[in-house]
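J.: Take a look and give me a structure for this.
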Amino acid sequence: MKTKYFITLISLFLMFSSCREESSVQTFPLNDFKQIPVPIINSPEHDSVRARSGSWFSVAIADGKLQIGRDVYEPKLEYSLPEGKLISIDQGEFGGGLYYKPNDTTKRNFFVTIDGKHKTVIANPWDGGLMDEESVLKNYGHPFLIKNGNVRYIFPYQDSISVIEGLAHKSLRTGMIYSLKFKNNNFILANPYYFRDFPIVITIFNNKIYVLTEKSLFVVDKSSRKQVFSNMFWYGLDPNSIAVKDERNIYVGMRGGYAKINFPLKKVAFINA
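T.: Next up is the predicted model:
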């Protein structure tokens, strides 16, 4: 079972990586962009960038080089495990959750352990704020709700699976990451970390998870979780992607251009279209 589980995690990682690093539909030469002073939030310069309807750019690393495009990344809803599939649901203010559809249709309940507290869950597709006959869960029969929350990402990380939740509604901005393991009919959720901001997109480089939020950047690994940038100028500029070239150079795609981050020096530049 351990070998099968490990192979599945590797498959998931390859699927996640290929989905995130796929080539952009449209690319732009780097010399179409030039560095300008970083705009201060709510300044006339910031408002000017924010007003550029349709002028947004994504970043990616292809063959070791920065690539600018207009790639649209959509997280997959399903992630296969040896015994079934995980289903991530994010319907904004209308709810969401982490669900599980076992291959064995005779299963009637599962155990969930969250921070050492145990509970039994039964198949109930209408839990988690999804009281709608047109729910995206209708094609899954009767999945088991593992945890309420707007699930944005599920991906393998080291010896477990990581789950990221997030919600942006009116003035509310929340987000969290936690680890998930499945053993002996029991889902174990542990090591929660709260971002206190809305996570938009992630990437993994050298076993570190880089989490881009509306106005911050977090770095998560096995031993530490920390906010390395806060109250960044990209707040309000619709940041949409993050790419890590190496330990020094990080890029963030957004409206009007992209940010270039010198990570060791904690310096940020805005490269304008």
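
J.: how about low-confidence regions in this protein?
T.: When residues are selected by pLDDT under 70, those of the chain lie in 1-25, 72-76, 122-135.

J.: got the domain boundaries for it?
T.: For the chain, the structural domains run 24-73+199-273, 74-194, going by automatic domain parsing.

J.: will you turn those domains into TSV that also has mean neighbour count?
T.: No exception for glycine: its C-beta is placed from N, CA and C like everyone else's. Listed next are those as TSV, based on neighbours: other CB atoms under 10 Å:
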stretch	mean neighbour count
domain 24-73+199-273	17
domain 74-194	17
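
J.: neighbouring contacts of the longest strand anywhere in the chain?
T.: For the chain, the strand reaching the highest residue count under DSSP state E is reported as strand 172-183. When contacts are defined by CB atoms under 8 Å, 6 or more residues apart in numbering, strand 172-183 is touched by residues 81, 83, 98, 146, 149, 154, 157, 160-167, 187-199, 209, 211, 213-214, 220, 225.

J.: Given that strand, what are its sheet partners and their directions?
T.: Sheet partners assigned to strand 172-183 using DSSP bridges are listed as strand 160-169 (antiparallel), strand 186-194 (antiparallel).

J.: ok, and what's touching stretch 28-47?
T.: Everything outside stretch 28-47 that qualifies as a contact, by CB under 8 Å, 6+ apart, is 48-49, 57, 66, 68-69, 231, 233, 235-237, 257-258, 260, 268-273.

J.: same check, this time on stretch 94-107
T.: 83-90, 110, 125, 127-130, 132, 137, 140-141, 143-151, 154, 163, 165, 180, 187.

J.: nearest to K245, of the strands paired with strand 172-183?
T.: With CB to CB, the closest approach to K245 among these belongs to strand 160-169: 22.6 Å.

J.: Let's verify P39: helix, strand, or coil?
T.: Using DSSP: H, G, I helix; E, B strand; the rest coil, the secondary structure recorded for P39 is coil.

J.: Going forward, count from 2.
T.: Fine by me, first position is 2 from now on; the one you just mentioned is P40.

J.: how close does it sit to F95?
T.: When CB to CB, to the nearest Å is the yardstick, P40 and F95 sit 34 Å from each other.

J.: same check, this time on K171
T.: The span separating K171 from F95 equals 14 Å under the rule CB to CB.

J.: got it, and H47?
T.: Taking CB to CB as the measure, H47 and F95 are separated by 31 Å.

J.: what's the answer for L138, then?
T.: Using CB to CB, which is the criterion applied here, L138 is 12 Å from F95.

J.: what does K223 give?
T.: According to CB to CB, K223 stands 34 Å off from F95.

J.: which residue ranges form the helices in this structure?
T.: Read by DSSP state H, the chain holds these helices, from start to end of the chain: 3-21, 45-51.

J.: got the contact list for G65?
T.: K246.

J.: And stretch 78-97, how far out from the chain middle?
T.: If you compare the mean C-alpha spot of stretch 78-97 with that of the full chain, they lie 13 Å apart, counting by CA atoms, centre = their mean, to the nearest Å.

J.: so how far does that stretch reach from one end to the other?
T.: This stretch, stretch 78-97, spans 12 Å end to end (CA to CA, to the nearest Å).

J.: who touches stretch 229-239?
T.: Surrounding stretch 229-239, the residues in contact under the criterion CB under 8 Å, 6+ apart are 39-42, 47, 50-51, 57, 215-220, 253, 255-257, 260, 262, 264, 267, 269, 271.

J.: what's the answer for stretch 54-62, then?
T.: Contacts of stretch 54-62 with the rest of the structure, by CB under 8 Å, 6+ apart, involve 22, 24-25, 29, 67-74, 239, 241-246, 252-259, 274.
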